[in-house]
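**Q** I'll drop the sequence and a predicted model, then ask my questions.
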Amino acid sequence: MLTNAPLLSLLIWVPIVGGALCLLTGGDDNASRARVLALIVSLVALALCVPLYLGFDMNTFKMQFSENIPWIARYGIYYHLGVDGISMPMIILSTFTTFVVVVAAWNAIKTNVSQYMAAFLIMQGMMIGVFASLDSILFYVFWEGMLIPMYLCIGMWGGANRTYASIKFFLYTFLGSALMLVAILYMRYHAGSFGILDFYHLKLSMSEQILIFIAFLFAFAVKVPMWPVHTWLPDAHTEAPAGGSVVLAALMLKMGIYGFLRFSMPIVPDACQHLVWLMIILSLIAIVYIAMVAIAQTDMKRLIAYSSIAHMGFATLGCFMIYLIIAKTGNHRDAYMSLEGSMMQMISHAFSTGGMFFSVGILYDRLHSRMIKDYGGVAHKMPIFAALFMLFAMSNVALPGTSGFVGEFMVVLSAFKASFWVTFFAATTLVLGAIYTLWMYKRVFYGPVASDGVANLRKMYPSEAIVLVLLGFIVIFFGVYPDALLNVFHASVGHLLKISLQTKLV
């Protein structure tokens with residue numbers, strides 16, 4: 001029976017093996033083989049998520065679909081996998097994102113097709129490994145391993161400055177993780193195990209907790225990315241192909257937030273509470289200052305990249321506001337809402353920003369320009385495309401009825417009783433987001449026609465239309481019925497809140 005199979009291992013290794021097979025299809029003379037094979041593999045991975053979802057018990061916080069076999073037994077390292085209500089939605093999001101990237105690349109990628117498909121399939125397996133790992137060394141291996149295919153993706157299919165952007169991306173994210181490995185080894189010494197769940201029972205002094213928190217902060221803040229270690233993201237987004245930008249926005253940025261939820265908050269909660277002011281300030285800087293930087297952008301992809309940093313600031317704010325909420329009001333329901341709002345923001349951002357990056361990729365494929373000034377009047381030539389882009393833009397500015405509204409509203413509402421000024425600065429994103437998003441939309445779609453290229457724009461390919469319609473449907477679905485996600489989060493977020501508020505001091 002499939003339900004008794006090692007589902008998580010299949011979800012990790014099917015795309016990795018499929019990516020290796022894509023490399024064996026040969027050069028661009030056999031590009032159609034690589035496309036078909038990548039589509040089949042991505043569909044198989046997506047199909048494996050069906051028993052994962054149907055067999056998942058939403059009423060428990062315990063890890064499910066567990067697999068635990070010795071890997072390097074001499075050193076106590078295990079191939080230990082499992083999922084809860086926090087990681088399971090991220091795994092499904094990973095498989096769905098890879099599927100739409102493969103479909104979107106059907107006509108857009110014309111050179112080195114087999115390598116392109118292989119990079120994204122292998123990256124998918126690595127990212128699922130991150131979300132499913134319950135052994136910290138296994139987590140670290142997948143965490144670092146996923147950087148390689150993304151580095152190649154930017155370096156091979158990126159823009160004019162792709163070499164600079166790919167090296168900057170790799171160095172920032174790789175070096176940021178070095179301290180995380182040191183922290184893992186230190187905790188292994190005290191816990192006697194590399195198991196992540198075993199780390200939750202560690203008793204540490206405040207100085208130990210603060211040092212471990214800082215080590216994790218370097219790794220996870222770079223990945224989010226938080227100010228001031230955010231500068232790699234606009235360069236990576238600008239130079240990456242559309243598929244690379246989508247994976248960065250939809251998945252890789254979320255791994256930083258996931259790291260805070262899986263490691264920092266449950267392992268060193270006293271340090272989190274002690275340094276909550278730092279995390280709130282850094283989150284508010286991302287929300288306010290980076291949004292202002294976005295307003296000044298003339299490149300569409302850079303604008304959306306800075307928008308992503310601001311939205312991820314909302315997610316980190318929702319995570320760490322729980323400590324301020326409990327300290328000020330003692331209201332666990334508000335703290336609970338803040339954590340769930342952060343999770344909703346992570347998922348929603350994947351679809352709205354992913355849709356915008358795909359859309360910019362469609363325009364770039366036709367005019368080979370990302371500059372706002374080179375467009376204008378696009379809506380007259382591509383009205384359906386313009387309507388879909390508007391839907392993603394509305395979710396980006398948190399319009400009620402779209403998924404973008406739910407997470408931001410939950411975080412703002414839960415923070416209000418704890419701090420008026422934190423809520424005030426966080427809520428400025430509703431104004432600033434509307435300014436840079438709608439101003440860009442107006443100039444690109446309804447401004448004066450800037451070139452003959454716009455006047456001769458061709459309609460969307462069927463593959464492009466399928467991707468945008470799928471993403472648009474999900475944006476509306478989760479905006480109207482957020483319980484579809486909140487029910488999955490519920491038990492696991494409740495347990496996370498409980499252990500993140502328990503002191504771990506010696």
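**A** In hand now; what should we look at?

**Q** Near the closest residue to residue 372 other than its chain neighbours, how many other residues are there?
**A** Nearest residue to residue 372 in three dimensions, chain neighbours excluded: residue 443, at 5.2 Å (Cβ to Cβ, 6 or more residues apart in numbering). Every residue, glycine included, has its C-beta placed from N, CA and C. Using other Cβ atoms under 10 Å, the number of residues around residue 443 comes to 18.

**Q** Look at residue 443 and give its secondary structure.
**A** helix (DSSP: H, G, I helix; E, B strand; the rest coil).

**Q** Just list the residues touching it, thanks.
**A** Residue 443 makes contacts with 372-373, 375-376, as judged by Cβ atoms under 8 Å, 6 or more residues apart in numbering.

**Q** make it 10 Å
**A** 298, 300, 372-373, 375-376, 378, 450 (Cβ atoms under 10 Å, 6 or more residues apart in numbering).

**Q** Now restrict those to buried residues only.
**A** 300, 372, 375-376, 378, 450 (16 or more other Cβ atoms under 10 Å).

**Q** Could you export the one helix or strand residue 292 maps to as CSV, CA atoms only?
**A** Using DSSP states H and E, residue 292 maps to helix 276-295. Extracted in CSV, the C-alpha atoms of helix 276-295 (Å, rounded to 0.1, in the frame of the first residue of the first chain):
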residue,chain,number,x,y,z
VAL,A,276,12.7,40.1,21.4
TRP,A,277,13.2,43.9,21.1
LEU,A,278,16.0,43.3,18.5
MET,A,279,13.9,41.0,16.4
ILE,A,280,10.9,43.4,16.5
ILE,A,281,13.1,46.3,15.5
LEU,A,282,14.7,44.4,12.6
SER,A,283,11.3,43.3,11.4
LEU,A,284,9.9,46.8,11.5
ILE,A,285,12.9,48.1,9.6
ALA,A,286,12.2,45.5,6.9
ILE,A,287,8.5,46.5,6.8
VAL,A,288,9.0,50.3,6.7
TYR,A,289,12.4,51.1,5.4
ILE,A,290,12.6,48.4,2.7
ALA,A,291,9.1,49.2,1.5
MET,A,292,10.4,52.8,1.0
VAL,A,293,13.3,51.5,-1.0
ALA,A,294,10.9,49.5,-3.1
ILE,A,295,9.1,52.7,-4.1
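
**Q** Let me know the average pLDDT across the next helix or strand after it.
**A** As assigned by DSSP H and E, the chain's next helix or strand after helix 276-295 is helix 300-328. Mean per-residue pLDDT for helix 300-328: 88.

**Q** Following helix 300-328 in sequence, what is the next regular element?
**A** helix 332-367.

**Q** right, and residue 234 touches residue 249 too?
**A** No - between residue 234 and residue 249 there is no contact under Cβ atoms under 10 Å: 11.9 Å.

**Q** of the two, who's got more company?
**A** Per other Cβ under 10 Å, whichever of residue 234 and residue 249 has more neighbours is residue 249, with 29 against 24.

**Q** could you list every residue that touches that one?
**A** 97, 233, 237, 240, 304-305, 307-308, 311-312, 349-357.

**Q** how about 8 Å then?
**A** Applying Cβ under 8 Å, 6+ apart, the residues near residue 249 are 237, 304-305, 308, 349-350, 353-354, 357.

**Q** Most neighbours among these, please name it.
**A** So for the contacts of residue 249 (other Cβ under 10 Å), the most neighbours sit at residue 354, 32 neighbours.

**Q** now it: how far from residue 59?
**A** 31 Å (Cβ to Cβ, to the nearest Å).

**Q** related to what we said a few turns ago, could you measure from the residue nearest to residue 372 over to residue 436?
**A** The value you get for residue 443 to residue 436, if Cβ to Cβ is used, is 11 Å.

**Q** Overlap of the contact sets of these two?
**A** Counting by Cβ under 8 Å, 6+ apart, nothing touches both residue 443 and residue 436.

**Q** before we move on, back to that, may I ask which of the buried ones among the contacts of residue 443 comes out lowest in pLDDT?
**A** Among the buried ones among the contacts of residue 443, residue 450 has the lowest pLDDT, at 65.

**Q** From the structure, what's the count of residues near the residue nearest to residue 377 when sequence neighbours are not counted?
**A** Distances taken as Cβ to Cβ, 6+ apart put residue 449 closest to residue 377, at 4.1 Å, once the chain neighbours are dropped. For residue 449, the count of nearby residues is 14 (other Cβ under 10 Å).

**Q** Likewise for the one 5 residues further on?
**A** Other residues near residue 454 come to 22 when the count uses other Cβ under 10 Å.

**Q** Tell me which helix or strand comes right after the helix or strand harbouring it.
**A** In this assignment (DSSP H and E), residue 454 forms part of helix 452-455. Moving toward the C-terminus from helix 452-455, the next helix or strand (DSSP H and E) is helix 462-480.

**Q** Can you mark which positions in that following helix are buried?
**A** 463-464, 467-468, 470-472, 474-476, 478-479.

**Q** what's the nearest residue to residue 240 once chain neighbours are set aside in contact with, if anything?
**A** Leaving aside its sequence neighbours, residue 240 sits nearest to residue 154 (Cβ to Cβ, 6+ apart; 4.8 Å). Counting by Cβ under 8 Å, 6+ apart, residue 154 touches 162, 165-166, 169, 236, 239-240, 244.

**Q** Can you read off the pLDDT for residue 154?
**A** 85.

**Q** Flag the helix or strand of the chain with the lowest per-element mean pLDDT.
**A** helix 452-455 (a mean of 72; mean pLDDT, DSSP states H and E).

**Q** What residues sit buried inside it?
**A** For helix 452-455, by 16+ other Cβ under 10 Å, it's residue 454.

**Q** Name the residues that touch it?
**A** 366-367, 374-378, 381, 449.
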